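Novice: for reference, the sequence and a predicted model appear below.
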Amino acid sequence: MSVRARKFGTNKKGEKITLYTITNSKGTEAEVTDFGAILVSLKLKDKNGVIKDVVLGFDEAKPYLKDDYCFGASVGPIANRTENATFRIDDKEYHLEVNDGANNLHTSAKKGFQKRLFKGEAKDNSVTFTYSKKDMSMGHPGNMHVQVTYTLKDDDSLEIAYHVTSDAATCISMTNHAYFNLNGHDSGTVFHEKVRINAEKYTPVKKGAIPTGEILPVEGTPMDFRKAKEVCEDFTYRFEQIELVNGYDHNYVIAGYDGTLREAAEVTDEKSGIWMKVFTDLPGVQFYTGNWVSVKKAKDGVSYGPRSGLCLETQYYPNSINEDNFPKPLFGPDKPFDSVTVYQFGVNE
């Protein structure tokens, strides 16, 4: 196990941005940076021994400064969408920036955690990033101390642990927004990757990709991934939910959620033989197929188009703070936000 650090670029203030490379005993590498606590790359061998980087992203820090897709980013304090960019806690109303139609997406496009420079500290097989947020920054309550720790283990699992404290009642729902392509970030679309999601229900959306508040069964719909199937198998714009968001961009209700770490999803690529399992202790996972991605020059000079990668973002349901029948992401002085997500990788020979 080892961790190496090197300069990755500078931010708009001229401050140094650092890239950390964590290597395990198998030679698998995870690269993370203190800007946005971003997962930049994950390199492992496929069934033929060829090294594949399975995470979409950039070769240097500069493109991340303007990246609107949140490639690999630690998003927060509130990931995903908040209806009308407004929420209430204890009869007090808070207003976030309006940045997604009439709604809010990811708290703040330019000031969210995904655009902040964290402080990094490497130890053994992990890197911990820390950041302090001031009360009412981004319109969001609470002086907060944020900690994100990436740990690469010898079983080729990448663990992301979150620990956030606040001195005031607040809403916290952080996630990692990595886009995965298990045949390599430069291999085209993920339409033929097989996906299985451990969910019997999902939260349908209305215009603007805001949940309706309903929790509906996946059975009998293109939303059903209880058995592994290719992303493209039931992809059809004749189904309203897919038409509304130009593909899959929906929260799934993890079966048997009880606050403990459990499997949320699995992805397999038959060409590379690489598989990934996702574990979380949160109640939901957002399955997003990169429906709007358009990047002319990314890592290795390649271009990304729609569905070049897929996201499995562990989370509280979108707009949970405003829906009485959704789990509430409420935290404060006596209740820190603690959560773990694990992306475990392997190869079918």
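Specialist: Happy to help now that I have it. Numbers count the residues shown, from 1 in each chain.
Novice: could you find the closest non-adjacent residue to D46?
Specialist: Nearest residue to D46, sequence neighbours excluded (CB to CB, 6 or more residues apart in numbering): S272, at 3.9 Å. Backbone N, C-alpha and C define where each C-beta goes, glycine included.
Novice: was I right to think that neighbour contacts L182?
Specialist: Yes: in this structure, S272 is within contact of L182 by CB atoms under 8 Å, at 5.7 Å.
Novice: and those two? which has more neighbours close in?
Specialist: Comparing S272 with L182 by other CB atoms under 10 Å, the one with more neighbours is L182, at 27 against 23.
Novice: run through the residues that contact that one.
Specialist: Residues in contact with L182 (CB atoms under 8 Å, 6 or more residues apart in numbering) are K52, V54, V190, E193, V267, T268, D269, S272, I274, W275, M276.
Novice: hey, what's the first one bridged with?
Specialist: In this case it means K52. L44 (DSSP bridges).
Novice: all the strands of the stretch 51-200 of the chain, in order from the start?
Specialist: 51-53, 74-75, 81-82, 86-89, 92-95, 104-105, 119-123, 126-133, 144-152, 157-166, 170-171, 175-176, 194-197, 199-203 (DSSP state E, counting those that start in this stretch).
Novice: just send those back as a markdown table, with distance to V253 and mean neighbour count too.
Specialist: Shown next, in a markdown table, are these (distance: least, CB to CB, whole Å; neighbours: other CB atoms under 10 Å):
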| stretch | distance to V253 | mean neighbour count |
| --- | --- | --- |
| strand 51-53 | 31 | 18 |
| strand 74-75 | 20 | 26 |
| strand 81-82 | 17 | 24 |
| strand 86-89 | 21 | 17 |
| strand 92-95 | 26 | 12 |
| strand 104-105 | 21 | 26 |
| strand 119-123 | 35 | 15 |
| strand 126-133 | 29 | 20 |
| strand 144-152 | 25 | 22 |
| strand 157-166 | 21 | 20 |
| strand 170-171 | 19 | 27 |
| strand 175-176 | 16 | 28 |
| strand 194-197 | 10 | 21 |
| strand 199-203 | 4 | 22 |
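Novice: Throw those into CSV and include mean pLDDT and distance to V32, thanks.
Specialist: Listed next are those as CSV, based on pLDDT from 0 to 100; distance: least, CB to CB, whole Å:
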stretch, mean pLDDT, distance to V32
strand 51-53, 98, 14
strand 74-75, 98, 9
strand 81-82, 98, 26
strand 86-89, 98, 30
strand 92-95, 98, 31
strand 104-105, 98, 23
strand 119-123, 97, 8
strand 126-133, 98, 6
strand 144-152, 98, 5
strand 157-166, 98, 9
strand 170-171, 98, 26
strand 175-176, 98, 10
strand 194-197, 98, 25
strand 199-203, 98, 28
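Novice: what touches both of S272 and L182?
Specialist: Residues touching both S272 and L182 by CB under 8 Å, 6+ apart: K52.
Novice: what's the separation between D124 and N24?
Specialist: Counting by CB to CB, to the nearest Å, the gap from D124 to N24 is 11 Å.
Novice: no, scratch that, I was asking about I215
Specialist: 39 Å.
Novice: what about the strands in the stretch 201-349 of the chain?
Specialist: Per DSSP E, counting those that start in this stretch, the stretch 201-349 of the chain carries strands over the ranges 216-217, 229-230, 249-254, 262-268, 274-280, 284-288, 311-315, 330-331, 337-347.
Novice: of these, which is nearest I321?
Specialist: strand 330-331 (7.5 Å; CB to CB).
Novice: so what strands line up beside that closest one?
Specialist: Sheet pairing of strand 330-331 (DSSP bridges) gives strand 170-171 (antiparallel).
Novice: return the distance of the strand it pairs with from the chain's centre.
Specialist: 19 Å (CA atoms, centre = their mean, to the nearest Å).
Novice: ok, now stretch 198-207?
Specialist: Relative to the chain's own centre, stretch 198-207 is displaced by 17 Å; criterion: CA atoms, centre = their mean.
Novice: contact partners of that stretch?
Specialist: 211-212, 214-219, 223, 225-226, 241, 244-245, 249-256, 262-265, 284-285, 317-318, 326.
Novice: let's go with 6 Å and repeat that
Specialist: 211-212, 214-218, 223, 241, 244, 250-255, 263-264, 317 (CB atoms under 6 Å, 6 or more residues apart in numbering).
Novice: please list only the buried members of those.
Specialist: When the contacts of stretch 198-207 are checked for burial by 16 or more other CB atoms under 10 Å, the buried set is 211, 215, 218, 223, 241, 244, 250-254, 263-264, 317.
Novice: out of the residues you listed, which is nearest to M1?
Specialist: Checking these one by one against M1 (CB to CB), the nearest turns out to be E263, at 25.5 Å.
Novice: that closest one touches F279, doesn't it?
Specialist: Yes: E263 sits in contact with F279 when judged by CB atoms under 6 Å, with a separation of 5.5 Å.
Novice: which residues of the stretch 1-150 of the chain fall in helices?
Specialist: 62-66 (DSSP state H, counting those that start in this stretch).
Novice: just to revisit the earlier point, of all the contacts of L182, which comes closest to P333?
Specialist: Nearest to P333 among those is M276, at 36.7 Å by CB to CB.
Novice: and that closest one, what pLDDT?
Specialist: Here the pLDDT value assigned to M276 is 98.
Novice: and the pLDDT at the closest residue in space to it that isn't next to it in sequence?
Specialist: Leaving aside its sequence neighbours, M276 sits nearest to V267 (CB to CB, 6+ apart; 4.8 Å). For V267, the pLDDT comes out at 98.
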